[in-house]
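**Student:** Output the structure for:
(2 chains)
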Amino acid sequence: MTDISIIITAHREGILAGATIHSALQAIAHAEAEGASTECIGVLDKTDDLTRSIISNALAGRATLIETDHGDPGQSRNSGIDAASGRFATFLDGDDLWSENWLSAAWRAASDRPDAVWHSHCNIVFGQQRNLWWHVDSEGPLYDPDYMAWANYWDAMSFAATDIYRDLPFRANDLPAGFGHEDWHWNMQTLSRGIAHKPVLDTLHFKRRRARSQMSLVSKHDAVIWPD
Amino acid sequence: MMKRILRKRRLNRKLAKSPAFLGLGRDHLAEHFDAAFYTREYPDTAAAGVDPLTHYLEYGWRESRTPFAGFDVNEYVSAQMNGDRETCPLAHYTRFNSSSQALSGDAARTQEEKTNEYLRWFRAQDEKWTNEMLTLLDALGMETGALRDLPLGRHLRAMFSPDDYRRQQGLGPEVTDNESFLRYLAFGLPAGLAPGPFFHEATYRRRAVEQGLPSIGDEGAFLHWMRHGQPNDISPSPLFSCDGYLHANKDLEAYPWSKTSHFLLHGIDEKRQFRCDVTIHHGIGTGTPNTTRRFISAFGGDDAAHEELAAMRRFLGSARMRDLVNKANVSDPDVTTQVDLPAYLPPWHDPSYADYRHALGLLPEGRFRSVVLIPFCKVGGADYVAGILSRTLSDIDGPVLVLQTDEADWARPEWFGDDVARVDLSGAMAALDEDGRTQTLYELLRRVRPANVFNVNSLLAFKTIQRFGRQLSAFTSLHAYYFCADRTPSGDEAGHPVSNFSPVFEHLTTAITDSADLAETLGRRFMLPPDLAHRLRPVYTPARTDPPTAPLVRLQVDAAGTRKRPVLIWAGRFDRQKRFDLLLDVARALPDVDFLCWGKAVLDPEPDLNALPDNVKLHDPFTAYHELPLEAVDGFFYTSDWDGLPTILIELGSMGMPIVASTAGGVPELIDETTGWPVAVGNPADDYVNAIEQMLDAPQTRITRALALRERVHSRHSESSYADALSAILKEAT
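**Tutor:** The predicted model follows:
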């Protein structure tokens, strides 16, 4: 059985997807050097020619590419999980980057605690904003359950047993009804089932901030998390 | 001139007494004050015609104004005054740092001497504080002997956590923060108890060894810190380090004294950052606790938190992190290799969460079937309706929570009763912007998750429904009350039925009106089809007073012979809406009838009351109906141009009062040709005169119509009919 299914979700990131793949390949090489077996799945959701061309070329011969018409980040991840055969799965958004040690360190952590969802130790935000966000341990004292009702602690670039994603798929955003933030909602759902969210120490994700992202679209609609 | 001299003398006496000026008089302070500079820099003082130095000493220094060119007040206060904002910077400069020898007569002093002098002064402040505390404890009869040997200081108060102390000692919230502190000084401190979570014993023990301090003996770690650690500026908390504090506060780099004391005495209240790895932001709501204090309270004594924070601190800026960042930089050079970035640890970075959390803490425990949103409770009709709505909901459907959103007034608690929980959110919301206020209210409602939400005139609730109505209606049924629109001076309709009906109607299960007229007006205005018009529901407000057994009209008619002249009552605001001018015209046309009037101008300028007709007698507004001579009159006269269904007509109708009334708004639903004497709005005074004459001339008709009105009120405006109407609404909402 493959150890890690790497699911890269892309929309219309254009050539930025090239930098994402470059960083993913570094992390894959690092993990494979430590003995992990990997598979790579590219989910191209309502994509454009440029993004398709960049990803097919960068992942040529190394990935299964799936074209979808969801127009929704959570549904894209679900499609990636449908195609995954690994024991563990992890997501990479088409314009973000991983630190080289992400896959190997997360694999080790998840192998010890396969019942948990794992996140980077911190996110370094770059692009239109520059800052750093720590990820807390939901089993630790820094976690405040009341805050989860107000805002999200962890993004969707997590690492967990594939069965967790399979049993609890992401919910589609419903912006006309005012509901979105599928990653936040998924975190709430997993927590309510007793699944912990934990940081993998000394790992980084690099999150690109740019205008017209899915997140800014959700905020523009005053969308909030589903009440259930 | 004499005034100026007297003012200067008064000021000199004030200066001599005030510790803020370090005992210096005006003449000393004038030596370094540049009046010309001050006047140029602050033209408002010249414009006010105030002597520049007088202005500075009375106001300017507290406003951080600069007394002479090149003097950076903020930097000076931070670097030279331990952040002390209670002392005049010019006085401090004159006393400790100027090259003037007028005070000491010394030759130019070294920096070290100046430092020592300031330290002496600073310690004198601690001694003064200590003496005050000991005196207070003596006066309270508490034992102070064990304290006299300890190096007490103001940092003790800054480190003290009343909540922790009360919890440790099993004390209830009735023991105030100040009383808790005095108890701590008298009993806890002599026993070596630390004042709060800023002191972490294991950390201090380790640091004491690292710094080569004398060993900690029987006196315990905290008293050891007071004697040895604090004077050596050793932080006793893993949450605070002097290096981190200086890194986050470059203006303190030249600050030569204890950084720990600076943080405790000033930095916390000044909301300074104190860690490189965690940026802390503070809420802005009234009453929102200081986030730094909350952070210390939450994690000061928590070893697991220290460990998680330490892992972050170790990783941040480490060689490992730099290596990973450099490799990512190869993939995309936009990933900066500069890792000295603002670092956020949710939720401590989020000022709006601090405010939300404070508001959340105000909510009572328990589950609520309904939430009633009100702007405030003053003495208005809508406030009364909110009260009867809340009580009725509580009776027929279960627990009710009233959320007060806009202002703190709570004038008539009895209208709501004891069974209804209430939370005043207005203070917590006051400083937030509209987005913050609406998001907070949405999240609070999501948290409470009532089956029904009723809005009775809360503007914030209307805005929240406008923004989050889609989402709210996914888990609760939304209902809003509408009362009659107001009118602008130009005659246009204004108020919630105009501004806040169309933006929220699509999200409402029910739009409740207090009259059928308003429901029909709104339905007609927006051409609502039957299925939508069904959401518009008139619900008649119950009468609030118990009517007398005998109808008023019978008593009035029986006693009419004892009155020399007919008497009518008029009561209302002397505002445009209520048409007091029409009353005066009618009174002039009926000189043989007396008009007893109660009221005053509230919204509009008071009318000219100097040339009232002789048959009009004015009284201040009444507060209860029994203050009116209801049995000694012949009827009630009502003249408004616009209205809903006025409470006063309901109440007087319930008592059996004959009424002549304009047909404003919903009034015809109560007063028609069978229940009174209606006069169309806009008709001339003569029509009112005719109606009054008809009423006065026909005592038997008066009885018939007043009794019919009484019956109508009893059947339509009873508490049971109100409860039935609400029950129907709730049933349809489920």
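**Student:** Phi, psi for B:Asp332 please.
**Tutor:** Reported as degrees, to the nearest 10, the phi and psi values for B:Asp332 are phi -150, psi 110.
**Student:** Which residues of the stretch 151-300 of chain B lie near chain A?
**Tutor:** B:277-278, B:298-299 (C-beta under 8 Å from any C-beta of the partner chain). Using the backbone N, CA and C atoms, a C-beta is placed for each residue, glycine as well.
**Student:** closest to B:Ser473 among those?
**Tutor:** Nearest to B:Ser473 out of those is B:Ala298 (C-beta to C-beta; 36.1 Å).
**Student:** which residues of chain A fall in helices?
**Tutor:** A:16-33, A:49-58, A:73-83, A:102-112, A:145-150, A:162-167, A:182-192, A:214-220 (DSSP state H).
**Student:** other SSEs contacting the third one?
**Tutor:** When you say that, I think you mean helix A:73-83. Applying 3 or more C-beta pairs under 8 Å, 6 or more residues apart in numbering or on different chains; DSSP states H and E, one finds that helix A:73-83 contacts strand A:4-10, strand A:38-45, strand A:63-68, strand A:88-93, helix A:162-167, helix A:182-192.
**Student:** Please tell me how far the residue sitting nearest the centre point of chain A sits from chain B.
**Tutor:** Nearest to the mean C-alpha position of chain A, counting by C-alpha atoms, centre = their mean, stands A:Met157 at 2.2 Å. Distance, A:Met157 to chain B, using C-beta to the nearest C-beta, to the nearest Å: 14 Å.
**Student:** Let me see the contact set for that residue.
**Tutor:** A:90-93, A:96, A:98, A:119-120, A:205 (C-beta atoms under 8 Å, 6 or more residues apart in numbering or on different chains).
**Student:** again, but for A:Thr47
**Tutor:** A:10-12, A:67 are the contacts of A:Thr47 under C-beta under 8 Å, 6+ apart.
**Student:** shaky segments in the stretch 151-300 of chain B?
**Tutor:** Along the stretch 151-300 of chain B, no part satisfies pLDDT under 70.
**Student:** Equivalent analysis for chain A, please.
**Tutor:** For chain A (pLDDT under 70), the answer is A:211-219.
**Student:** Identify the single longest strand in it, thanks.
**Tutor:** strand A:197-209 (DSSP state E).
**Student:** chain center to stretch B:613-629, what's the gap?
**Tutor:** Distance of stretch B:613-629 from its chain centroid, counting by C-alpha atoms, centre = their mean, to the nearest Å, is 36 Å.
**Student:** Average pLDDT for that stretch, rounded please.
**Tutor:** Average pLDDT, stretch B:613-629: 92.
**Student:** what does that stretch rub up against?
**Tutor:** B:545, B:567, B:569, B:571, B:583-584, B:587-588, B:590-600, B:609, B:612, B:651-652, B:655.
**Student:** Got a PyMOL select line for the buried ones in these?
**Tutor:** The following PyMOL line selects those of those that are buried, judged by 16 or more other C-beta atoms under 10 Å in any protein chain shown:
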select buried, chain B and resi 567+569+571+583+584+587+590+593+594+595+596+597+598+599+612+651+652+655
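**Student:** Out of the contacts of stretch B:613-629, which sit inside helices?
**Tutor:** B:583-584, B:587-588, B:651-652, B:655.
**Student:** before we move on, the earlier item: and the two most separated of the contacts of A:Thr47?
**Tutor:** A:Arg12 and A:Glu67 (13.2 Å).
**Student:** Of those two, give the one with the bigger neighbour count.
**Tutor:** Taking neighbours as other C-beta atoms under 10 Å in any protein chain shown, A:Arg12 and A:Glu67 compare with A:Arg12 leading, 18 against 12.
**Student:** Contact partners for that one?
**Tutor:** With C-beta under 8 Å, 6+ apart, A:Arg12 has these contacts: A:46-48, A:50-51.
**Student:** hang on, the earlier thing: now the residues of the stretch 151-300 of chain B next to chain A as TSV including secondary structure, neighbour count and distance to B:Ala408?
**Tutor:** As requested, those are arranged in TSV below (DSSP: H, G, I helix; E, B strand; the rest coil; neighbours: other C-beta atoms under 10 Å in any protein chain shown; distance: C-beta to C-beta, whole Å):
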residue	secondary structure	neighbour count	distance to B:Ala408
B:Asp277	coil	19	39
B:Val278	coil	22	34
B:Ala298	helix	17	29
B:Phe299	helix	22	33
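**Student:** Out of the residues you listed, which is nearest to chain A?
**Tutor:** Proximity of those to chain A (C-beta to the nearest C-beta) peaks at B:Phe299, which lies at 6.7 Å.
**Student:** what's the burial count for A:Ile15?
**Tutor:** Neighbours around A:Ile15, by other C-beta under 10 Å: 11.
**Student:** Make sure it is actually in contact with A:Arg52.
**Tutor:** No. A:Ile15 is beyond contact range of A:Arg52, at 11.9 Å (criterion: C-beta atoms under 8 Å).
**Student:** The closest residue to B:Ala254 other than its chain neighbours and B:Leu24, how far apart?
**Tutor:** Leaving aside its sequence neighbours, B:Ala254 sits nearest to B:Ala79 (C-beta to C-beta, 6 or more residues apart in numbering or on different chains; 4.7 Å). Applying C-beta to C-beta, to the nearest Å, the value for B:Ala79 to B:Leu24 is 21 Å.
**Student:** more neighbours, those two?
**Tutor:** B:Leu24 (20 against 17).
**Student:** Columns distance to B:Gln556 on top of the contacts of A:Thr47, output as TSV?
**Tutor:** Shown next, in TSV, are these (distance: C-beta to C-beta, whole Å):
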residue	distance to B:Gln556
A:Ala10	86
A:His11	80
A:Arg12	82
A:Glu67	87
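**Student:** For A:Gly42, list each beta-bridge partner.
**Tutor:** Partner residues in beta bridges with A:Gly42, using DSSP bridges, are A:Ile8, A:Leu65.
**Student:** give the contact list for residue 41.
**Tutor:** Using chain A. A:5-8, A:63-66, A:80, A:83-84.
**Student:** Let me rephrase: I mean chain B.
**Tutor:** B:65-66.
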